[in-house]
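Chemist: Return atomic coordinates for the entry below.
(chains A and B)
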Amino acid sequence: MSELDRAYHALAHEADTVRLAAPDTLRARADRRTRLRVTAVAVAAAIAVGSALVGTQWVFRADGAAPLPPGSTATATPPPPTSVAATSAPPSSTPATTPPATSADPTGRAAPKSIPNSAFLQVADTNGQEPVVDAESEDVLPALCEARFASDDDADLRRTRRVTYWKASGREGYVPDGTFRQTVTVYQPDGASRFLDEVRGAVEACPEDGDRQYRMLSAPEHGDESLTFEMRYPTVDVEGKATGGSDVRIVSVVRIGDIVTVLYETGWEDGWSAEPAVVNAFTGKAVTRLRSWLD
Amino acid sequence: MRDAESFDEFYRSTSARLMRYGYAVVGDLTEAQDVVQEAYTRAWQRWRTVAAHPHPEAWVRLVVARLATDRWRRLARWHAVLTRSGPPESVHPPGEDTVMVVAGLRRLPVAQRQALALHYLFDLPVAEIAQETGVAVGTVTSWLSRGRAGLAEVLAGPTREVTETRSTGRKRTASGVWEGNSDE
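Modeler: Take a look at the predicted model:
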């Protein structure tokens, strides 16, 4: 054995005395970091009115009645990502099974007072066990060239939750296939259809935004009206450098009457894209949940 | 096998080797521990990609080398987080042989430490070292030759060399990482 071999042998021996963290500790750390990443995507570009509305949680009815009490998320500050991994499903601030609380407007139309958890995708829909959590500070849509939507003035209630999903059942122990940022918004009459028109117009007016590209997609119809578009951007490696490929995120928007649900697929692992068929399947589940709430 | 199980098995079967490699490249046990754990954390963040890689261990080695090269991008607080769950147990002073090789390695740029570690710890042929470090075979041969010569010089007179190293102003950072990381 040469002197250098001996020297490296000694160095290796010393390295062997170091105890490394358990693998599940490292996985939990990595998962927390990934949750932070999918949460942080373009937060600064949140729809302005929507954010203000969510921030206050006090909603004035068009009929001038007293402000409605805070919605079901009024005290449900999004839990820090570190708590997500360590806990099971967070306590629901709203009974998930209650029908929509309503108040009559001047036309006699019943409008929801709040948007309960039951209006959103549920853990049972996700093919996994990751809790669905409130995500009020997160964007409803990608930036779309900093688009602003006049229909936000007609939004009475808005609530956003984050859903971690797997494509198929029995996937416990596997890396998630992606995450959805799901937003449900209750509009005044005609506001919902105006929102869809504005989103469609924003996508068509913004084919490129820096290194992001947008385009409308053909997809099966859902609800009273629906649309789907994609956002494509360069895949980056572990160093943050472009690999030459691209990742695709898909956004699905569905209107049922004056209510809109947006499913913004925000991914999990860099290098993996949303799949249209999967997003369509979850859109169907989201519509079912929304209808169950409304019925 | 489930992703979590395959990662855990991969970690258990490779992390000791990677810790040796990290120490040989980084040059400080605690820093090496941080770097190696950070590399595995990144591996789990893109486990589908890494698991499909033809040589996942080489993927992690590359991340270790890059983290060692670019210390500013390291997560310096990582150690504090993990101390609660897994403090290093190495509290004894390093052996004389280790002191010598560490003193010698201190004089080399990271790329040369990387090449030497791949050669002496992993027995990799020059062609594979060239592939992993992204340089020509001739460059690796040159690195190994110069690295051997440099280390041999130190090992021939450890006391004089350590003193010299200290007096020439090569200093450790506050976190204990070596200076002199200017790769060729």
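
Chemist: which residues in chain B form strands?
Modeler: Read by DSSP state E, chain B holds no strands at all.

Chemist: ok, and the helix or strand in it with the lowest average confidence?
Modeler: Within chain B, no helix or strand scores below helix B:158-167, which has a mean of 40 by mean pLDDT, DSSP states H and E.

Chemist: now chain A
Modeler: helix A:81-86 (a mean of 34).

Chemist: Is A:Val184 in a helix, a strand, or coil?
Modeler: Three-state call for A:Val184 (DSSP: H, G, I helix; E, B strand; the rest coil): strand.

Chemist: pretty sure it contacts A:Ala119?
Modeler: Yes: the pair A:Val184 / A:Ala119 is scored as a contact, 5.2 Å apart, by CB atoms under 8 Å. (Each C-beta comes from the backbone N, C-alpha and C, glycine too.)

Chemist: shared neighbours of the two, anything?
Modeler: A:Arg159, A:Thr261, A:Leu290 (CB atoms under 8 Å, 6 or more residues apart in numbering or on different chains).

Chemist: Any stretches of chain B with poor pLDDT?
Modeler: Scanning chain B for pLDDT under 70 picks out B:71-97, B:157-184.

Chemist: could you show me where the helices are in it, in order?
Modeler: B:3-26, B:29-45, B:47-51, B:56-69, B:78-83, B:96-105, B:110-120, B:126-133, B:137-156, B:158-167 (DSSP state H).

Chemist: In a markdown table: those, plus mean neighbour count.
Modeler: Listed next are the helices of chain B as a markdown table, based on neighbours: other CB atoms under 10 Å in any protein chain shown:
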| stretch | mean neighbour count |
| --- | --- |
| helix B:3-26 | 21 |
| helix B:29-45 | 25 |
| helix B:47-51 | 19 |
| helix B:56-69 | 22 |
| helix B:78-83 | 16 |
| helix B:96-105 | 22 |
| helix B:110-120 | 25 |
| helix B:126-133 | 18 |
| helix B:137-156 | 17 |
| helix B:158-167 | 14 |
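
Chemist: For my notes, please list those in TSV and give distance to A:Gly170 for each entry.
Modeler: Below are the helices of chain B laid out as TSV (distance: least, CB to CB, whole Å):
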stretch	distance to A:Gly170
helix B:3-26	13
helix B:29-45	21
helix B:47-51	17
helix B:56-69	25
helix B:78-83	32
helix B:96-105	49
helix B:110-120	41
helix B:126-133	38
helix B:137-156	47
helix B:158-167	58
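
Chemist: Point out the one among the ones you listed that comes closest to A:Thr283.
Modeler: helix B:47-51 (24.0 Å; CB to CB).

Chemist: Which elements pack onto the helix or strand hosting A:Asn280?
Modeler: Element membership of A:Asn280 [criterion: DSSP states H and E] is helix A:276-294. Under the contact definition 3 or more CB pairs under 8 Å, 6 or more residues apart in numbering or on different chains; DSSP states H and E, helix A:276-294 sits against strand A:155-165, strand A:178-187, strand A:225-236, strand A:242-256, strand A:259-265.

Chemist: Flag every buried residue along it.
Modeler: For helix A:276-294, a neighbour-count test (16 or more other CB atoms under 10 Å in any protein chain shown) marks A:276, A:278-280, A:282-287, A:289-290, A:293 as buried.

Chemist: now stretch A:179-199
Modeler: Here stretch A:179-199 shows A:179-188, A:191-196, A:198-199 as buried, counting by 16+ other CB under 10 Å.

Chemist: Just the terminal-to-terminal distance for it.
Modeler: 21 Å (CA to CA, to the nearest Å).

Chemist: do the same with stretch B:42-56
Modeler: So stretch B:42-56: terminal residues 12 Å apart, CA to CA.

Chemist: Nearest to chain B within the stretch 151-295 of chain A, name that residue for me.
Modeler: A:Gly173 (3.4 Å; CB to the nearest CB).

Chemist: That residue - nearest residue in space that isn't next to it in sequence?
Modeler: Closest residue to A:Gly173 apart from its sequence neighbours, by CB to CB, 6 or more residues apart in numbering or on different chains: B:Arg2 at 3.4 Å.

Chemist: who's in contact with the one you found?
Modeler: Counted by CB under 8 Å, 6+ apart, B:Arg2 has contacts A:Glu172, A:Gly173, A:Tyr174.

Chemist: Looking at those, state which has the most neighbours.
Modeler: A:Tyr174 (20 neighbours; other CB atoms under 10 Å in any protein chain shown).

Chemist: Now distance to chain B and mean pLDDT too, for the helices and strands packed on helix A:276-294, in a markdown table please.
Modeler: Below are the helices and strands packed on helix A:276-294 laid out as a markdown table (distance: least, CB to the nearest CB, whole Å; pLDDT from 0 to 100):
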| stretch | distance to chain B | mean pLDDT |
| --- | --- | --- |
| strand A:155-165 | 14 | 96 |
| strand A:178-187 | 12 | 97 |
| strand A:225-236 | 10 | 96 |
| strand A:242-256 | 10 | 96 |
| strand A:259-265 | 16 | 98 |
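
Chemist: would CSV of those with distance to B:Tyr23 be doable?
Modeler: Output for the helices and strands packed on helix A:276-294, formatted as CSV (distance: least, CB to CB, whole Å):
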stretch, distance to B:Tyr23
strand A:155-165, 37
strand A:178-187, 37
strand A:225-236, 29
strand A:242-256, 30
strand A:259-265, 42
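
Chemist: Show the contacting residues for the most centrally placed residue in chain A.
Modeler: What sits nearest the mean C-alpha location of chain A, by CA atoms, centre = their mean, is A:Arg181, with 0.7 Å. Neighbouring residues of A:Arg181 by CB under 8 Å, 6+ apart: A:Ala135, A:Glu138, A:Asp139, A:Val140, A:Thr160, A:Arg161, A:Arg162, A:Val163, A:Val262, A:Leu263, A:Tyr264, A:Thr266.

Chemist: Going through those, which ones are buried?
Modeler: Buried members of these, scored by 16+ other CB under 10 Å, are A:Ala135, A:Glu138, A:Asp139, A:Val140, A:Thr160, A:Arg161, A:Arg162, A:Val163, A:Val262, A:Leu263, A:Tyr264, A:Thr266.

Chemist: What distance do you get for the first one to chain B?
Modeler: So that's A:Ala135. To chain B, A:Ala135 is 20 Å away according to CB to the nearest CB, to the nearest Å.

Chemist: Could I get the contacting residues of that residue?
Modeler: So A:Ala135 contacts A:Thr39, A:Pro78, A:Thr160, A:Arg161, A:Arg162, A:Arg181 (CB under 8 Å, 6+ apart).

Chemist: wait, doesn't A:Arg255 sit right on A:Glu221?
Modeler: No: if you go by CB under 8 Å, A:Arg255 and A:Glu221 don't touch, sitting 10.8 Å apart.

Chemist: who touches A:Arg161 in this structure?
Modeler: A:Arg161 touches A:Asn117, A:Phe120, A:Leu121, A:Val132, A:Val133, A:Asp134, A:Ala135, A:Arg181, A:Gln182, counting by CB under 8 Å, 6+ apart.

Chemist: same thing but at 6 Å, please
Modeler: By CB atoms under 6 Å, 6 or more residues apart in numbering or on different chains, the contact set of A:Arg161 is A:Phe120, A:Val132, A:Asp134, A:Ala135, A:Gln182.

Chemist: what do you get for A:Val262?
Modeler: Contacts for A:Val262 were tallied using CB under 6 Å, 6+ apart; they are A:Val140, A:Thr183, A:Val253.

Chemist: Beta-bridge partners for it, please?
Modeler: Note on A:Val262: beta-bridge partners by DSSP bridges are A:Thr183, A:Val253.
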